[in-house]
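Trainee: for reference, the sequence and a predicted model appear below.
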Amino acid sequence: MAGTSAHEPSQEAAPTLDAVVVGTGFAGLYMLHRLRTAGLSVRAFEAGDGVGGTWHWNRYPGARCDSESYYYCYSFSSELEQEWEWTCRYPEQPEILRYLNHVADRFDLRPDIQLDTTVTSAHYDEAAGRWLVRTDDGAAVSCTYFITAVGCLSAAQVPDIPGLDGFAGRWHHTGRWPQDGVDLAGKRVGVVGTGSTGIQAIPVIAESAAHLTVFQRTPNFSVPARNAPMSPQRQREIKENYPEIRRRTRETFGGFPYGVSDRSALEVSEQERQEEFEAGWRDGGHRLLFSGFRDLILDKDANDLAADFVRSKIREIVRDPATAEKLLPFDHPIGAKRPPIDTDYYETYNRDNVSLVDVRSSPIEEITPRGIRTADGEYELDVIVFATGFDAMTGALDKIDIRGRDGLRLRDKWAAGPATYLGVATSSFPNMFLITGPGSPSVLSNMPVSIEQHVEWIADCIGYLRSHDLGAIEATTQAEQEWGEHVNRVAGYTLFPLADSWYLGANIPGKPRVFTPYAGGAGKYRKRCDEVAAQGYPGFTLTGA
Ligand code: NA7
């Protein structure tokens, strides 16, 4: 029932706003800023007790961005980019959180942000042409535009392992890490999960724990990040070159300032290939996978060469051959899962206080009061760290009871997998916009670049509606279907679907297996969105005031 109970505010009684934004990470903060600058009344609701989204919640040891600081940031204000000083090649979580707090203050966003407030439902009232948005404090607001900035990786996933409630120690999910930290010094710590998060956290936890046991289900490929302090000279060069850097980030496939080589890994000599791989390994970060050769994520033979290279590095670094063998990825192409980058990940397994347990061959059976029991025996632990990932792309949206025309629930509409037009809108949900939604480049790109693109497109679209005296915009089912087919087709040209990853929802039991991000490239996608706007929004139905 989409109706309103006697205790809940009705559409008529609720305060009215032009727009509601859900979330205050990179996306929500900028959306709020843009709409407010355009003269709209807006409120942003934030479940956390501070702004920052991902960077508010993910405070686990070693949390750091995998994109470089000078392009993992906003470009919309040249004053902001000139005044902010990044300290490292890859910013760590506290620094990004400080940056986002600075943005909230600098643009005076806080008066329109309501913290500690979870949006519980958003129902479209067709007669009124408005959304009624309810929050967990029992209040409601009525708005014309409902915009989700909830993040692609914000619904933390703790595996359903029997016995967790009875564990006598402490346990934490990395994506819900306590703000006052967790004292791991001298403790027996278990980390479950070796995705990007586990791979960042494991070397740092190993430094303070008495003993660290890593529970690995699937070995992962990782490449050194080569983090380093940002020198004043580098800082100056970047600031002088920002217009060009930004131009490139808007045009490239991944929203990064560097291009991709036009060479195939299969067309060069063995020596040239090894030199390029070595250079990628030495420079660190995503160069090895995404810029040295054009086809590592498109051609399995090319990919196998890079995978073999990284496997040879693992064998070289890890001294115990049995441990090295367990760490060798075997079941997916390199880069087909979100590629981690690390600081001393493989080296950490050479420490005396670190052991690796393969829970694929001997699965976790239960959590006992004393630790984790696998098929091989019990591991006694004081702290369990779940680096087990997220219900990605749709998980945070699913937590909100969103209903469009005729009371259609978004959750029901998407039961077989999300359907969107351009990843920004979905049919039957007029005036609802998704920032970096399923079907947009989002997680396959440098997020702030994609976020800015979406926010600007949405703000321009709302400006268009207002200046043309239009009441609503809604994606057509045909455009949505065609876009879905296109997203699928493009994914099929890549190796991404060959891995059981969260890109496909494979990490969530029962979730339909659908490749959700758009793999056609952020630059191309931007062009397509711009064309749609320039042509008066084909693929959308626009209705009068
Ligand atoms: P990921 O990439 O989803 O990794 C989660 C890890 O947890 C992965 O190694 C999983 O193994 C493992 N996992 C999940 N459930 C279990 C159970 N029940 N038992 C054992 N192991 C388990 O999440 P991350 O947080 O690392 O990364 C997510 C993104 O966040 C990241 O890419 C950044 O963009 C930020 P599996 O591979 O499924 O066998």
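Mentor: Good, I have the coordinates.
Trainee: from now on I want contacts and neighbour counts done on CA atoms only, so please keep to that.
Mentor: Noted.
Trainee: distance-wise, check residue 449 relative to residue 74.
Mentor: 7 Å (CA to CA, to the nearest Å).
Trainee: count the residues that sit near residue 208.
Mentor: 17 (other CA atoms under 10 Å).
Trainee: any chance you could map the strands in the stretch 401-545 of the chain?
Mentor: Under the criterion DSSP state E, counting those that start in this stretch, strands of the stretch 401-545 of the chain are mapped to 401-403, 432-434, 470-475, 540-544.
Trainee: and the ones you listed as TSV, adding distance to the ligand?
Mentor: TSV is the format used below for these (distance: least, CA to the nearest ligand atom, whole Å):
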stretch	distance to the ligand
strand 401-403	24
strand 432-434	19
strand 470-475	29
strand 540-544	31
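Trainee: pick the most deeply packed of the ones you listed.
Mentor: Each of the strands of the stretch 401-545 of the chain was scored by mean neighbour count; the highest is strand 432-434, a mean of 25, by mean count of other CA atoms under 10 Å.
Trainee: strand partners (parallel or antiparallel) of that strand?
Mentor: For strand 432-434, the pairing partners within the sheet under DSSP bridges are strand 140-148 (parallel).
Trainee: what average pLDDT does the partner strand get?
Mentor: With pLDDT averaged residue by residue, strand 140-148 scores 98.
Trainee: and residue 501, what does it touch?
Mentor: For residue 501, the residues meeting the contact criterion (CA atoms under 8 Å, 6 or more residues apart in numbering) are 336-338, 507.
Trainee: tell me the phi and psi of residue 134?
Mentor: phi -110, psi 150 (degrees, to the nearest 10).
Trainee: try the one 3 residues further on
Mentor: The phi and psi torsions at residue 137 (degrees, to the nearest 10) take the values phi -90, psi 10.
Trainee: for it, what are its contacts?
Mentor: Contact partners of residue 137, counting by CA under 8 Å, 6+ apart, are 117-118.
Trainee: on that earlier part again, as TSV, the strands of the stretch 401-545 of the chain with mean pLDDT would be great.
Mentor: Formatted as TSV, the strands of the stretch 401-545 of the chain follow (pLDDT from 0 to 100):
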stretch	mean pLDDT
strand 401-403	98
strand 432-434	98
strand 470-475	97
strand 540-544	96
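Trainee: got TSV for those strands, with distance to residue 353 too?
Mentor: As requested, the strands of the stretch 401-545 of the chain are arranged in TSV below (distance: least, CA to CA, whole Å):
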stretch	distance to residue 353
strand 401-403	46
strand 432-434	45
strand 470-475	55
strand 540-544	58
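Trainee: out of those strands, which gets nearest to residue 225?
Mentor: Among these, strand 432-434 comes nearest to residue 225, with 31.4 Å by CA to CA.
Trainee: need the residues that contact that closest one.
Mentor: Residues from elsewhere that reach strand 432-434 (CA under 8 Å, 6+ apart): 145-149, 423-426, 458.
Trainee: pretty sure residue 129 is touching residue 474, no?
Mentor: No: with contact defined as CA atoms under 8 Å, residue 129 does not reach residue 474; the gap is 11.8 Å.
Trainee: overlap in contacts, these two.
Mentor: Taking CA under 8 Å, 6+ apart as the contact criterion, no residue touches both residue 129 and residue 474.
Trainee: which of the contacts of strand 432-434 tops the neighbour count?
Mentor: Comparing the contacts of strand 432-434 by number of neighbours (other CA under 10 Å), residue 149 comes first, having 30 neighbours.
Trainee: from what I see, that residue and residue 25 are in contact.
Mentor: Yes: proximity of residue 149 to residue 25 meets the contact threshold set by CA under 8 Å, at 7.4 Å.
Trainee: just to revisit the earlier point, which of the contacts of residue 501 sits closest to residue 118?
Mentor: Of all the contacts of residue 501, the one sitting nearest residue 118 is residue 507; the distance, using CA to CA, is 25.2 Å.
Trainee: give the contact list for the closest one.
Mentor: Residues near residue 507 by CA under 8 Å, 6+ apart: 391, 500-501.
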